[in-house]
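Visitor: Using only what follows, build the 3D model:
(2 chains)
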Amino acid sequence: MRQGHSHLIGNVRHTASQLAEMGYCERKMLLRLQYGPRTSLSRFVAQKRGTLDHERFLSEARKLNPYVSSDVPVHMPGATTTRRCPLRALLARIFSQLLKFIVRNR
Amino acid sequence: MLRCSVYESWHGVARALALLFRRVRSWLARSCWRSFDLTDCRLLFAERSFSINAPINLTVRVDRAYHDGIAIILMELKTRVDERIYASDVIELSAQRLAVEYSTGERVHNFGYIVLQHPMTRRRSIHTVSLRSQAEVIGIANRQRLLVGGALPPRHAGNPECCRRCEYQPECRTGTSQTSRRTN
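Guide: Numbering: from 1, shown residues only, chains lettered A, B, ... in the order given. Predicted coordinates for the structure are as follows:
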């Protein structure tokens, strides 16, 4: 089992996303635990786009109610993401993979 | 020959009606989203995490939560091309309901809203879903724990389309027999 999912074995703490995986495919959930998260390129871009959309959704909520209770501090744009542009994130990922490949085969 | 042409014309009418129905439903969903924020609901939480230790250890992140004067209404944003609600969306929102209810002590409605946003056009539509009960969510969590412990055999996805797009196809070699597919 990968280290990132060890919380599921011992002191069991579920998240809503993990429970949602049960409604999709139980085999996939177990394979994900066994082999680690695996995302295709399109899925990766979609995830980044989703994160940006959530940020926009939050900023719209702040316009509706400036005193809305949230975990993300006010006046911190990009607080939920490390990179804002999905294309930049994708390029950074490709670059880091390339670097790893070069280091491994040196 | 005549019967065949009549059948084809009726078939065309049925298809046109189905298309019209889908368009009207989509338009209603979009117009409902535009008018949603103007209603009397008060926005309580946005991107807020909740964590509970009983009845199960659960951590959730709520996209938005409104209060309509009676109870809290949960809302989840999903970015996807097709306007479809999946069982996983309902389970996620139901888990959020359990966590919010236990951590705030306030009543949460047994229905929730899922906002679907198109990734390209950013057009939004809102859909109402009825949430699963607390017992069902706890049952799902217990089943997950048993699956991870190896006490239960896992089931395949209900939809063969999920298998076609799955990233774990090479490892999932035991086949997609209909017997192990979920029926719900």
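
Visitor: How about the most centrally placed residue in chain A: what's its closest non-neighbour residue?
Guide: When Cα atoms, centre = their mean is applied to chain A, the residue found nearest the centroid is residue A:47 (6.4 Å). Nearest residue to residue A:47, sequence neighbours excluded (Cβ to Cβ, 6 or more residues apart in numbering or on different chains): residue A:39, at 6.8 Å. No exception for glycine: its C-beta is placed from N, CA and C like everyone else's.

Visitor: thought the one you found was touching residue B:168?
Guide: No: counting by Cβ atoms under 8 Å, residue A:39 stays clear of residue B:168, with 11.2 Å between them.

Visitor: Look at the two and report which has more neighbours.
Guide: residue B:168 (17 against 12; other Cβ atoms under 10 Å in any protein chain shown).

Visitor: Secondary structure element for the closest residue to the more buried one other than its chain neighbours, which one?
Guide: Counting by Cβ to Cβ, 6+ apart, residue B:168 lies nearest to residue A:31, which is 4.1 Å off, once chain neighbours are set aside. Here residue A:31 sits within helix A:26-35, counting by DSSP states H and E.

Visitor: Please pull out the lowest mean pLDDT helix or strand from chain B.
Guide: When the helices and strands of chain B are scored by mean pLDDT, DSSP states H and E, helix B:2-36 comes last with a mean of 74.

Visitor: number of nearby residues for residue A:71?
Guide: 15.

Visitor: nope, residue B:91 is what I meant
Guide: For residue B:91, using other Cβ under 10 Å, the count is 24.

Visitor: So for it, what pLDDT did the model give?
Guide: Residue B:91 is assigned 94 on the pLDDT scale.

Visitor: Verify the contact between it and residue A:23 for me.
Guide: Yes: contact criterion Cβ under 8 Å: residue B:91 and residue A:23 qualify, at 4.3 Å.

Visitor: Would you mind listing the residues touching both of these two?
Guide: residue B:140 (Cβ atoms under 8 Å, 6 or more residues apart in numbering or on different chains).

Visitor: Show me what the one helix or strand in chain A whose mean pLDDT sits lowest packs onto, helices and strands only.
Guide: One helix or strand of chain A scores below all others by mean pLDDT, DSSP H and E: helix A:86-104, with a mean of 77. Counting by 3 or more Cβ pairs under 8 Å, 6 or more residues apart in numbering or on different chains; DSSP states H and E, the packing neighbours recorded for helix A:86-104 are helix A:41-64.
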